[in-house]
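Asks: quick one, fold the following:
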Amino acid sequence: MRTLHAGLPRSCGVVAMQPPSRLLGRQLAVQQHRNVAGFTKLPGRSCVPCSCTRFGCSGPTCTTRSQQMAGSSPAAAVVQHLHPWSQRSNYTHSTSLVRRSAAAGTAAASTTTQQTAVKQQQAAAVPADMHQLREQLQLYNTMSRKKEQFRPRPHMGDKVQMYVCGVTVYDYSHIGHARVYVAFDVLYRLLQHLQYDVQYVRNFTDVDDKIINRAAESGEDPLELSARFITEFHKDMADLACLPPTLEPKATDHIDAVITTIQQIIANGHAYSLPDGDVYFDVASLPGYGRLSGRSQDDNRAGERVAVDSRKRSPADFALWKAAKPGEPSWSSPWGPGRPGWHIECSSMISRLMGNVIDIHGGGRDLVFPHHENELAQSQAAAGPCSCGHDHTTKQHADGNGGSDTPQDFVRYWLHNGFVNVDSEKMSKSLGNFFTIRDVLKLYHPLALRWFLVNSHYRAPVNYTQKALDEASDRSYYVYQTLADAAAVLAAAGDQGTAAVAAAGARGVGVELLSSVLC
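Replies: Presented below is the predicted three-dimensional model:
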């Protein structure tokens, strides 16, 4: 006999219950060939996703999504609530609604007296048990190398700001990208579950050497190529059930902010321009450079995306502005036509859209150096005042909790997820073990991939194998089949089922968290 847990999720169409014992037994038996959420029970095997892996398919082993929705059974209701993201138009529409102008983003970053009063009212409305849950949230801060209790800034009320570095859009996203955005989607959902008002920003790098080179190979305009892969990225995120961020700014929409940031860095004595129009950050001018990654100045070398340039003062100096080359996209600037370097866009967009200090900055572990180290340096150098005898070292709260909250440290909590290995080897195109999200979804249901990714600690490396995906497929099938069974039990229980639903809703917070993580 299988026992139902008392905390089944509500938002997926099944409500938590502590069912009477007589409702258990054979009512919970799984029909051998029954389809739930696109999974098929097959003879001689536990369970695997149907071959089509998509809703709306017409494959021989899977009913279409419209047929599933048309059904009146509890299982059909579960499917309908489990997969709202499968309607990709909803995701695209949502993302189009949340793209704000730079002026609107700047206004949102300022806190007026009226907004402060609203935040105080919101904080007072949070239930006591929710405050207790909030107190339990700890995040591992890459800067301090330890877990820290998460606390929003006192003057921000329940407002939490999180920025996660997005993709460089020149190709389909791979499973390493899936790891990043599923991990931070879980955190986003958790913060929302804790009733924080979350501003989640995830950017697109839509002008870059890789984009320009790929466009040259295909004979396509670089900006058109990047726009096309932004659309494809949204489809992948929809398949993986990742919620749309609040904002998804593109680098090319914020060139003016990039230029302003570079001007501030130059004025504070931390960057220099060359006669041909290139502008470089002077790494040696900034005390404390390397403290996020733990690298000393002697360890530093040129960025991974650029070759060593003898014109630079130091090989570690990195480009803030790149002079225009024939056939490349370019914008006017005080140093001549050109385009942004790789790192400067994030510092500029964070300042423009979110303010000088944010709560959480996330990304893959490979971004700690050079990308996030250089972001930190840029934002510190732009903030000033210095030129430079100023010590830019981290200043923690007196109680040791809550990360940094000084103008010099624009991020309070740095979070980084682990790598994805393939058969215990680093995923690499040169090794032939490189898989896009779509490669995987041709063989497995999106929920199986999401389950595989959330089934490991987010900072630990994940080893991608066929066996691991098979197991993830089995376990995710079991979970959603159990939800469908629970819905059937509730429906069969009549008034008792309705009473159990009401009792579960009165038991407190946490009932919906499982469904939030999974779907």
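
Asks: helices along the stretch 201-350 of the chain, start to end?
Replies: 209-218, 222-239, 255-267, 344-353 (DSSP state H, counting those that start in this stretch).

Asks: so of these, which one's packed in deepest?
Replies: helix 344-353 (a mean of 26; mean count of other CB atoms under 10 Å). The C-beta positions use only the backbone N, C-alpha and C, and glycine is treated the same way.

Asks: can you put the helices of the stretch 201-350 of the chain in TSV and add distance to Arg295 and mean pLDDT?
Replies: Below are the helices of the stretch 201-350 of the chain laid out as TSV (distance: least, CB to CB, whole Å; pLDDT from 0 to 100):
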stretch	distance to Arg295	mean pLDDT
helix 209-218	23	96
helix 222-239	31	98
helix 255-267	20	98
helix 344-353	19	97
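
Asks: and of those, who's closest to Ser310?
Replies: helix 209-218 (19.1 Å; CB to CB).

Asks: that closest one packs against which elements?
Replies: helix 222-239 (3 or more CB pairs under 8 Å, 6 or more residues apart in numbering; DSSP states H and E).

Asks: what about the helices in the stretch 351-500 of the chain?
Replies: 373-383, 437-441, 446-454, 466-493, 495-505.

Asks: would you mind giving these as a markdown table with mean neighbour count added?
Replies: Formatted as a markdown table, the helices of the stretch 351-500 of the chain follow (neighbours: other CB atoms under 10 Å):
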| stretch | mean neighbour count |
| --- | --- |
| helix 373-383 | 26 |
| helix 437-441 | 18 |
| helix 446-454 | 24 |
| helix 466-493 | 19 |
| helix 495-505 | 15 |
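
Asks: so where is the protein shaky, pLDDT-wise?
Replies: Across the chain, the ranges flagged by pLDDT under 70 are 1-125, 298-308, 385-408, 429-430, 505-519.

Asks: nearest to Ser226 among the helices of the stretch 351-500 of the chain would be which one?
Replies: helix 437-441 (17.8 Å).

Asks: return that closest one as CSV; C-alpha atoms alone will do.
Replies: As requested, the backbone C-alpha atoms of helix 437-441 are provided in CSV (Å, rounded to 0.1, in the frame of the first residue of the first chain):
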residue,chain,number,x,y,z
ILE,A,437,18.6,21.3,-24.5
ARG,A,438,16.7,20.3,-27.7
ASP,A,439,19.0,17.3,-28.2
VAL,A,440,18.0,16.1,-24.8
LEU,A,441,14.3,16.9,-25.3
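
Asks: which residues does that helix contact?
Replies: 53-54, 172-175, 177-178, 236, 239-240, 449, 469 (CB atoms under 8 Å, 6 or more residues apart in numbering).

Asks: need the helices of the stretch 351-500 of the chain in JSON lines (columns: distance to Lys426).
Replies: Output for the helices of the stretch 351-500 of the chain, formatted as JSON lines (distance: least, CB to CB, whole Å):
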{"stretch": "helix 373-383", "distance to Lys426": "21"}
{"stretch": "helix 437-441", "distance to Lys426": "17"}
{"stretch": "helix 446-454", "distance to Lys426": "17"}
{"stretch": "helix 466-493", "distance to Lys426": "16"}
{"stretch": "helix 495-505", "distance to Lys426": "45"}
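
Asks: right, and the ones you listed - which one's nearest Gln138?
Replies: Comparing the helices of the stretch 351-500 of the chain under CB to CB, the one sitting nearest is helix 446-454, at 18.2 Å.

Asks: quick one: closest of the helices of the stretch 201-350 of the chain to Asp485.
Replies: Of all the helices of the stretch 201-350 of the chain, helix 222-239 comes closest under CB to CB, at 25.4 Å.

Asks: which strands or helices does that closest one pack on?
Replies: When contacts are defined as 3+ CB pairs under 8 Å, 6+ apart, helix 222-239 sits against helix 88-98, helix 175-193, helix 209-218, helix 437-441.

Asks: now distance to Ala251 too, for those helices, in CSV please.
Replies: Formatted as CSV, the helices and strands packed on helix 222-239 follow (distance: least, CB to CB, whole Å):
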stretch, distance to Ala251
helix 88-98, 16
helix 175-193, 17
helix 209-218, 10
helix 437-441, 22
